[in-house]
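Engineer: Here is my input, please return the structure:
(one chain, ligands or ions: 1)
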Amino acid sequence: MHVLLVEDDALVASGIVAGLKLHGLTVDHVGTARLADAALATSHFDVCILDLGLPDEDGMALMRRWRSSGRDLPILVLTARDALDHRVEGLLGGADDYLVKPFDLHELQARLHVLVRRIAGRSTDCINHGALTFCASTGQVWMAGKPITLARRELSLLRAFLQNPHAILSTEQLCDSVYGYEQQLESNAINVHIYHLRRKLGNNIVETVRGLGYRLGPAEGASER
Ligand code: CA
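Structural biologist: Residues are numbered from 1 along each chain as shown. Modelled structure (predicted):
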């Protein structure tokens, strides 16, 4: 899951980034509305965590602007405890959920998963794909009931494929999901992670679409869990 964190408080932001990374999420952090616009223009995000008190633009105004220009990514608003009016206003202004500061990181992480799942129209936490089961909130993976250990990047990659089961994902899109848009990386890094995914989950877990990218392979060996 690729998260855009818009928060001008560096201390709060670094806590959120560290906490979410521990849960295997990819987080890009910006501190201003202007940089948030730039991030959304250059990269795909699954969800945005938005602080309402930003230095260059009110978070509410930013959100309204995004919604009126057709940006429909799920938004979780962070708000101060004394801004009760904002909470109601926040939801009306296009936010999908909110948390009152200070909040628990596990709570934030759980809310993000619920949000993304709700938007994707899924009702359970675990995704089945043939013999594969993937539980989004815990990052656990089973193949035919046997637990499989994946590295963090491999998990991010698998998550991207399972959340877009019919899409062809370009190397650039996969880099966004796995690394975040700011990170520079070697051009064959995604190939290497896909090699490891295939080695651990079977060759057909990911299909190469020549010249375009990759997509999730067909469901195989279904054993419903
Ligand atoms: Ca702030």
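Engineer: Look up how far residue 175 lies from residue 190.
Structural biologist: 6 Å (C-beta to C-beta, to the nearest Å). Placement of C-beta: from N, CA and C, glycine included.
Engineer: okay, those two: which has more neighbours?
Structural biologist: residue 190 (24 against 21; other C-beta atoms under 10 Å).
Engineer: tell me the phi and psi of the more buried one?
Structural biologist: phi -60, psi -40 (degrees, to the nearest 10).
Engineer: What's the per-residue pLDDT of it here?
Structural biologist: You'll see residue 190 listed with a pLDDT of 89.
Engineer: same check, this time on residue 88
Structural biologist: For residue 88, the predicted pLDDT is 67.
Engineer: Once you drop chain neighbours, what's closest to the residue in the chain that the ion sits nearest to?
Structural biologist: Ranked by C-beta to the ion, the top residue of the chain for proximity to the ion is residue 53, at 3.5 Å. Spatial nearest neighbour of residue 53, excluding adjacent residues (C-beta to C-beta, 6 or more residues apart in numbering): residue 59 at 6.6 Å.
Engineer: swap in residue 20?
Structural biologist: residue 27 (4.9 Å).
Engineer: now for the helix ranked longest in the chain, which elements pack on it?
Structural biologist: For the chain, the longest helix by residue count, based on DSSP state H, is helix 105-120. Packing contacts for helix 105-120, counted by 3 or more C-beta pairs under 8 Å, 6 or more residues apart in numbering; DSSP states H and E, involve helix 10-22, strand 47-51, strand 75-80, strand 97-101.
Engineer: What residues sit buried inside it?
Structural biologist: 108-109, 111-117 (16 or more other C-beta atoms under 10 Å).
Engineer: That one vs helix 10-22, what angle?
Structural biologist: Counting by axes from the mean of the first three to the mean of the last three C-alpha atoms, to 10 degrees, helix 105-120 points 70 degrees away from the direction of helix 10-22.
Engineer: Not counting its own residues, what contacts helix 105-120?
Structural biologist: 1, 3, 15-16, 19-20, 23, 25, 46-47, 49, 74, 76, 96-97, 99, 123, 125, 136-137, 163 (C-beta atoms under 8 Å, 6 or more residues apart in numbering).
Engineer: All the helices of the protein, residue numbers only.
Structural biologist: Under DSSP H, the chain gives helices at 10-22, 33-42, 59-68, 84-92, 105-120, 152-163, 171-179, 189-201.
Engineer: ok, of the ones you listed, where does mean pLDDT dip lowest?
Structural biologist: Looking at the helices of the chain, the bottom one is helix 84-92 with a mean of 64.
Engineer: Out of the helices and strands packed on helix 105-120, flag the one nearest residue 130.
Structural biologist: strand 47-51 (26.9 Å; C-beta to C-beta).
Engineer: Now do the contacts for residue 13.
Structural biologist: Contacts for residue 13 (C-beta under 8 Å, 6+ apart) come out as 5, 7, 29, 31.
Engineer: surely the third one meets residue 8?
Structural biologist: No. The pair residue 29 and residue 8 does not pass the contact test of C-beta atoms under 8 Å, sitting 10.2 Å apart.
Engineer: Looking only at neighbour counts, state which of those two leads.
Structural biologist: The neighbour count for residue 29 versus residue 8, taken as other C-beta under 10 Å, is higher for residue 29 (20 against 16).
Engineer: so the closest residue to that one other than its chain neighbours bridges to which residues?
Structural biologist: Nearest residue to residue 29, sequence neighbours excluded (C-beta to C-beta, 6+ apart): residue 5, at 4.5 Å. In this entry, residue 5 is beta-bridged to residue 29, residue 49, by DSSP bridges.
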